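J.: Next comes the sequence, and after it the predicted model I'd like to discuss.
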Amino acid sequence: MSRNKLTVVFNLLVVTSMLLAACAAPTAAPTQAPPPTTAPAQPTAVPVVQPTAEPAPPEAKPYRVGIFADLTTTNYWNYVGPGSTVWNAYVLAPQRLGMISQADKTFQLVPSVATALPERPLQKEGDFWVSEIAMKQSITWSDGTPLTAKDVAFTGNTALELQLPGGWTTNYDPNFLDHIEAVDDYTVKYYFTQDPGLAVFEYGALQGGIMQEAYWAPVVEDAKVAVGGLTPPAETATDEEKTAYEEALAEALNVLFGYVPENEPVAGGYLFGKWETGAFAENAANPDFFFKGTTTTEYANGAYKDVYPDGSEFVGYGDASGDMALEFTTGPNASSAIYSIYGTQDAAVLALRDGEVDFLLNPLGMPRGLRTQVETDPALAVIENPTNGFRYLGFNHRRAPMNDSAFRQALATMIDKEFVTSRILQGVAFPLYTMVPEGNAAWYTDDVPKFGQKEDGTSMTSEERLNAAVAILEAAGYTWEGDAKPVWDADNRQVTRGGRLIMPDGTPVLEIEMLAPSAGYDPLRSTFAIWIEQYANDLGIPLKANLTGFNIIVGKVFDEQDFDMWILGWSLTIFPDYLRDFFHTDRAVLGDNNAGGYSNPEFDQLSDAIKSCTDLADCKQIADNIQKILADELPYIVLFDTGIVEFYRSAAVEYPYTETLSGLQFVQGMPSSVVIK
């Protein structure tokens, strides 16, 4: 997501490095016969041939990455919750492991901490659907202690007990997951109150980042003190009881999310090093990373194989033989990963050309206007891939008129995405109409309502857009001050503005603020914001674009929910259960994904099904239906996306592959796989 909620939580789970060659054993030297002499023979010194030492391996170098916004937290609980920005993800996600992961390039499910994928169907045990999963027994935390089932259970149960928001709810869905049990040190048992779908189990609970109980239990206990003996209030509870619990729970979350970890044990490929606010963050390579030395092979026939350092292996998805599509042994090969912050893309490209950084990590991709500077430099390289994300206009549905679908539909009709992307942005972006991008072909559908397009699929003219938007508003009871509605001036080919828009209750629409990234951060979204401001004012909507900092927008929208409209973006998961998580009523709490507060019982019921489906074909039909209702209701107006362009220093680094959906940024620049030359 540009605000990656990822929901995503990103899982870089299978990583390793190269082994040192052993030195040869010393060899014996032949003795020499004494020279002829009348003197007594003297002992002859035997020359010793010293063993030839293998050349010392080159000292590992840092992997230097350029990013475009600062961290907001180093607390992983916070990052997955309300602090879930993509910039936090880039630094914090490589420190974590989950029970399972997704394969490079193909995104197939593969074991990580688990020894195997879960069996389907789950077993019925009393009132629960249960699944027992065995864990690898040689994985340790960076403090040398073993990673056990107690850590897995502690993580999930904490998320459930404290009702952690954001990605924690996505991973540990309280509508399905009741609790997690450590059967023994290396067996985890999941208890569900209803049969969990793929989204809830394989793409949810099993991919959540695991936290160490020994380190975090005291902090969690301190957080629970704030809740005291209170229990979640029943539906029949009084407003005072509900308010008291919500206030206590909010204080508990402040304790947990506000804690600043120091020397926290982790089990991923990198340990957190240091963070200088506004300058850089650094991760140090984890020398005891279990997966260091794992060889991954993906085959042309779809089969997958991991061979772990202890000699065990995982093989799935067919016969692991024949032509190989991908093979690599991963690290970390770098001594550390340094994430330097640049205020503008021009400054970052200059740093890349000067050799200060190896890769520019940006979920937005790099502007094509800077591409020539890179392509003409033999030390640099350009990657271009399809994307799995979108940039959007969001609304605060708690305020009028943003809570009215007719208002949103009329504004969507006015926004000429085709004109802005093709004429203003010179084709570097393409318009979108649904929340599953075309790049995610397995889940995309084109059969959705498209406001601003004709039935034949062509774009409306400006006159047709204005007339259609006015008709939508009039049908919903809107009028204009002085009864002066906007009209099309055919001679000058522009809108003649009328009076201010009046809502159906007779109240004039007050000035609306639209938060959007500045041009220095993302010139594409800032450009769209300026044009949306014009389109809205043409319709009588007093809209003002406020181009500001990324973290300012995130704070006002997700942490405070104090806003009218905003423009941001999401980097997305492959399985599209985010369609529910972005807009379900139960995700409209402070710090969670449904920051706009959209609430529609029909949508809630429809979207719940994406969490319970266990058959891919059924899940696809459900996802298509959800896309249709969202394209009509427009809790977001999906605006555009780009093919992602990335720059890196080919003279300094080498990647195992460069072709992948959403580019290398989707695997966070591969800090655990990149080879430093």
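T.: Happy to help now that I have it. Numbering: from 1, shown residues only.
J.: Quick one: residues contacting residue 447.
T.: Contact partners of residue 447, counting by C-beta atoms under 8 Å, 6 or more residues apart in numbering, are 624, 628. Where you see a C-beta, it was placed from the backbone N, CA and C, and this is true even at glycine.
J.: what sits up against the helix or strand where residue 159 lies?
T.: According to DSSP states H and E, residue 159 maps onto helix 149-161. Outside helix 149-161, the residues within contact range by C-beta under 8 Å, 6+ apart are 99, 113, 135, 164, 168-169, 171-172, 174, 177-188, 190, 205, 208-213, 216-217, 220, 224.
J.: Which of those fall in strands?
T.: Of the contacts of helix 149-161, the ones assigned to strands by DSSP state E are 177-184, 187-188, 190.
J.: where's residue 564 relative to residue 399, distance?
T.: Per C-beta to C-beta, to the nearest Å, residue 564 is found 6 Å from residue 399.
J.: about what we covered before: are any of the contacts of helix 149-161 buried, and which?
T.: By neighbour count, with 16 or more other C-beta atoms under 10 Å, the contacts of helix 149-161 hold 99, 113, 135, 164, 168-169, 171-172, 174, 177-182, 186-188, 190, 205, 208-213, 216, 220, 224 as buried.
J.: So the nearest residue to residue 559 once chain neighbours are set aside: helix, strand or coil?
T.: In space, and not counting its chain neighbours, residue 559 is closest to residue 82: 5.5 Å by C-beta to C-beta, 6 or more residues apart in numbering. Classification of residue 82 using DSSP: H, G, I helix; E, B strand; the rest coil returns coil.
J.: which ones are touching residue 82?
T.: Taking C-beta under 8 Å, 6+ apart, we find residue 82 in contact with 165-166, 257, 558-559, 590-592.
J.: Sketch out the low-pLDDT regions of the protein for me.
T.: 1-58, 668-669 (pLDDT under 70).
J.: can we see that at 50?
T.: Scanning the chain for pLDDT under 50 picks out the ranges 1-56.
J.: Mind splitting it into its structural domains?
T.: Split into domains by automatic domain parsing, the chain comes to 96-258, 270-293+330-386+646-676, 392-477+512-641.
J.: Would you reformat these as JSON lines and include distance to residue 315?
T.: Formatted as JSON lines, the domains of the chain follow (distance: least, C-beta to C-beta, whole Å):
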{"stretch": "domain 96-258", "distance to residue 315": "10"}
{"stretch": "domain 270-293+330-386+646-676", "distance to residue 315": "16"}
{"stretch": "domain 392-477+512-641", "distance to residue 315": "21"}
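J.: What's the separation between the residue nearest to residue 199 when sequence neighbours are not counted and residue 158?
T.: Nearest non-adjacent residue to residue 199, counting by C-beta to C-beta, 6+ apart: residue 577, 3.6 Å away. Residue 577 sits 22 Å away from residue 158, going by C-beta to C-beta.
J.: related to what we said a few turns ago, what would the ones in strands among the contacts of helix 149-161 look like in CSV with distance to residue 586?
T.: Listed next are those as CSV, based on distance: C-beta to C-beta, whole Å:
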residue, distance to residue 586
177, 14
178, 17
179, 19
180, 21
181, 25
182, 28
183, 30
184, 34
187, 31
188, 26
190, 21
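J.: And those, which is closest to residue 453?
T.: Residue 453 lies nearest to residue 177 out of the ones in strands among the contacts of helix 149-161, by C-beta to C-beta, at 41.4 Å.
J.: still on that earlier bit, would you check that the residue nearest to residue 199 makes contact with residue 610?
T.: Yes - Residue 577 is within contact range of residue 610, at 5.0 Å (criterion: C-beta atoms under 8 Å).
J.: Please identify every residue contacting each of these two.
T.: residue 199.
J.: rewinding a little: what's the distance between the residue nearest to residue 559 and residue 581?
T.: Using C-beta to C-beta, one gets 14 Å for the distance from residue 82 to residue 581.
J.: How about residue 628?
T.: Counting by C-beta to C-beta, the separation of residue 628 from residue 581 is 18 Å.
J.: rewinding a little: among the contacts of residue 82, name the ones in strands.
T.: Among those, no member falls in strands (DSSP E).
J.: Can I get the buried part of those residues as one ChimeraX selection?
T.: Per 16+ other C-beta under 10 Å, the buried members of the contacts of residue 82 correspond to this ChimeraX selection:
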select :165,166,257,558,591,592
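J.: which one of the contacts of residue 82 sits closest to residue 244?
T.: Residue 244 has its nearest neighbour among the contacts of residue 82 in residue 590, at 16.5 Å by C-beta to C-beta.
J.: The closest one reaches residue 165, doesn't it?
T.: Yes - counting by C-beta under 8 Å, residue 165 is a contact partner of residue 590 at 7.5 Å.
J.: related to what we said a few turns ago, who has more neighbours, residue 577 and residue 158?
T.: A count of neighbours by other C-beta atoms under 10 Å puts residue 577 above the other of residue 577 and residue 158, at 25 against 22.
J.: In contact with that one, which residues?
T.: Neighbours of residue 577 in contact, by C-beta under 8 Å, 6+ apart: 170, 199, 203-204, 610-611.
J.: outside of the longest helix seen in the chain, which residues touch it?
T.: Ranked by residue count and defined by DSSP state H, the top helix of the chain is helix 239-258. Contact partners of helix 239-258, identified using C-beta under 8 Å, 6+ apart, comprise 73, 75, 77-78, 81-83, 162-165, 219-220, 222-228, 230-233, 237, 590-591.
J.: mind redoing it with 7 Å?
T.: 75, 77-78, 81-82, 162-163, 219-220, 222-224, 226-228, 230, 232-233 (C-beta atoms under 7 Å, 6 or more residues apart in numbering).
J.: Can I get the buried part of the residues you listed as one PyMOL selection?
T.: Only the buried entries of the contacts of helix 239-258 go into this PyMOL selection, using 16+ other C-beta under 10 Å:
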select buried, resi 75+77+78+81+82+162+163+219+220+223+224+226+227+233
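J.: and residue 546, helix, strand or coil?
T.: Using three-state DSSP, the three-state assignment for residue 546 comes out as strand.
J.: Next, count neighbours for it.
T.: Other residues lying near residue 546 total 18 when counted by other C-beta under 10 Å.
J.: how about the strands in the stretch 401-550 of the chain?
T.: 430-431, 479-480, 487-489, 494-496, 501-502, 512-517, 543-548 (DSSP state E, counting those that start in this stretch).
J.: Export the ones you listed as CSV, with columns for distance to residue 290.
T.: As requested, the strands of the stretch 401-550 of the chain are exported to CSV (distance: least, C-beta to C-beta, whole Å):
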stretch, distance to residue 290
strand 430-431, 42
strand 479-480, 66
strand 487-489, 66
strand 494-496, 63
strand 501-502, 60
strand 512-517, 39
strand 543-548, 43
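J.: of all those, which lies closest to residue 659?
T.: strand 430-431 (19.5 Å).
J.: Touching the closest one from outside, list them.
T.: 417-418, 421, 640-641.
J.: and what of stretch 483-499?
T.: Residues from elsewhere that reach stretch 483-499 (C-beta under 7 Å, 6+ apart): 463, 466, 470, 480-482, 537-540.
J.: residues in contact with residue 365?
T.: 642, 644-646, 663.
J.: Repeat the analysis, applying 8 Å as the threshold.
T.: 387, 642-646, 663, 665.
J.: Look at it and tell me its secondary structure.
T.: Assignment for residue 365 (three-state DSSP): coil.
J.: Can you give me the distance of it to residue 554?
T.: Noted for residue 365: a distance of 20 Å to residue 554, by C-beta to C-beta.
J.: neighbours around the spatially closest residue to residue 212 that is not a sequence neighbour, how many?
T.: Among residues not flanking residue 212 along the chain, residue 265 sits closest, at 4.9 Å (C-beta to C-beta, 6+ apart). By other C-beta under 10 Å, the residues close to residue 265 number 20.
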